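[1] 3D model of this:
(one chain, ligands or ions: 1)
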Amino acid sequence: MSQGRSTAAPRTSSPGAERLAALIRESETVVALTGAGISVPSGIPDFRSPGTGLWQKVDPMEVAHIDAFRGDPVRFWSFYGERFATLRDRRPNRAHLALAELERRGELAAVITQNVDMLHRRAGTRELVEVHGSIEHAGCPACGQRFPLDQAQARRDDDVQGVPRCDCGEALKPGVVLFGELLPAQALARAEELAESADLLVCVGSSLEVYPVASLPFTTRAAGGRVALVTRSSTPVDHIAELKLDGDVVDELDAVLSAL
Ligand code: ZN
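    Coordinates of the predicted model:
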């Protein structure tokens, strides 16, 4: 998928997009749930999909594991620093912007995301739940001090071992949930609450295979709400979804926006 897609002219409309627009109109509380697929048009590879990029060279379960960070922060940061650099200059694409616009229009209550790339925030989404944390801050496991991304970067650049360090000397940990770590309880509780209150849960660019997001569509359905999917991959919730748009996420959300 090329980045050029995200700057192409909006597609006029499609029957699927019009149906989703109608569902959004008739729902009182609409919540979006997003995964890696929404950031692919911004040039951020989904490490679960085969392809190029740094995730192909390593096993993310091994290098991005909390034990790897605790055991060898120098090695951890030699890998993770690359990921920081990859994400730092990425810009939101029109799919992120479409969700921010829906919120501005009062059509969308919140975005729950698995992504750590800050792109929803940069697009202007205000009510945002980041269930896997975010690269926005790095924190000190010893004293709890937090540093914004650019400061963590600067500290990493200044360190002879390439490790961003706290004033107390401890290696900083990125504010993302590493493999082997518990999910942030507050974000998790908020995501559950939103999924339960949603009349419509719109899942965008997620294969919905990873906990906790895998369970949220079922939460919405159990509470009487409906589920819509905007994703190319098949998901474990296809059978309970009201509709599925399987085109390019940018094109689909553009079409939904213009149909509203
Ligand atoms: Zn510290």
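[2] In the helix or strand where Asp254 lies, which residues are buried?
    Here Asp254, judged by DSSP states H and E, is contained in helix 249-259. By neighbour count on 16 or more other C-beta atoms under 10 Å, the buried set for helix 249-259 is 249-257, 259. C-beta here means a position set from N, CA and C on the backbone, and glycine is covered the same way.
[3] okay, now the closest residue to Gln145 other than its chain neighbours: neighbour count?
    Leaving out its chain neighbours, the residue that sits closest to Gln145 by C-beta to C-beta, 6 or more residues apart in numbering is Cys166, at 5.5 Å. Number of residues near Cys166 (other C-beta atoms under 10 Å) recorded here: 21.
[4] Just to be sure, Thr86 is in a helix?
    Yes: according to DSSP: H, G, I helix; E, B strand; the rest coil, Thr86 belongs to a helix.
[5] SS state for Val31?
    Val31 ends up strand, using three-state DSSP.
[6] how about the helices of the chain, start to end?
    Using DSSP state H, the helices of the chain run over 15-26, 54-57, 60-63, 66-71, 73-88, 94-104, 119-123, 149-158, 185-197, 216-222, 249-259.
[7] Please name whichever of those is nearest to Val210.
    Set against Val210 and scored by C-beta to C-beta, the helices of the chain come closest in helix 216-222, at 11.0 Å.
[8] which other helices and strands contact that closest one?
    Helix 216-222 sits against strand 30-34, helix 185-197, strand 200-204, strand 226-230, with contacts defined as 3 or more C-beta pairs under 8 Å, 6 or more residues apart in numbering; DSSP states H and E.
[9] and it, how far from the chain's centre?
    19 Å (C-alpha atoms, centre = their mean, to the nearest Å).
[10] returning to that earlier point: format the helices of the chain as CSV; extra columns: mean pLDDT and distance to Pro174.
    Shown next, in CSV, are these (pLDDT from 0 to 100; distance: least, C-beta to C-beta, whole Å):
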stretch, mean pLDDT, distance to Pro174
helix 15-26, 95, 34
helix 54-57, 58, 15
helix 60-63, 76, 12
helix 66-71, 94, 9
helix 73-88, 85, 6
helix 94-104, 97, 21
helix 119-123, 97, 16
helix 149-158, 93, 8
helix 185-197, 96, 16
helix 216-222, 97, 24
helix 249-259, 95, 26
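[11] Can I get those in a markdown table including distance to the ion?
    Listed next are the helices of the chain as a markdown table, based on distance: least, C-beta to the ion, whole Å:
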| stretch | distance to the ion |
| --- | --- |
| helix 15-26 | 45 |
| helix 54-57 | 28 |
| helix 60-63 | 23 |
| helix 66-71 | 15 |
| helix 73-88 | 13 |
| helix 94-104 | 33 |
| helix 119-123 | 25 |
| helix 149-158 | 11 |
| helix 185-197 | 22 |
| helix 216-222 | 34 |
| helix 249-259 | 39 |
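[12] Just send the ones you listed back as JSON lines, with distance to Pro236 too.
    Listed next are the helices of the chain as JSON lines, based on distance: least, C-beta to C-beta, whole Å:
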{"stretch": "helix 15-26", "distance to Pro236": "20"}
{"stretch": "helix 54-57", "distance to Pro236": "23"}
{"stretch": "helix 60-63", "distance to Pro236": "20"}
{"stretch": "helix 66-71", "distance to Pro236": "27"}
{"stretch": "helix 73-88", "distance to Pro236": "28"}
{"stretch": "helix 94-104", "distance to Pro236": "22"}
{"stretch": "helix 119-123", "distance to Pro236": "24"}
{"stretch": "helix 149-158", "distance to Pro236": "33"}
{"stretch": "helix 185-197", "distance to Pro236": "15"}
{"stretch": "helix 216-222", "distance to Pro236": "9"}
{"stretch": "helix 249-259", "distance to Pro236": "19"}
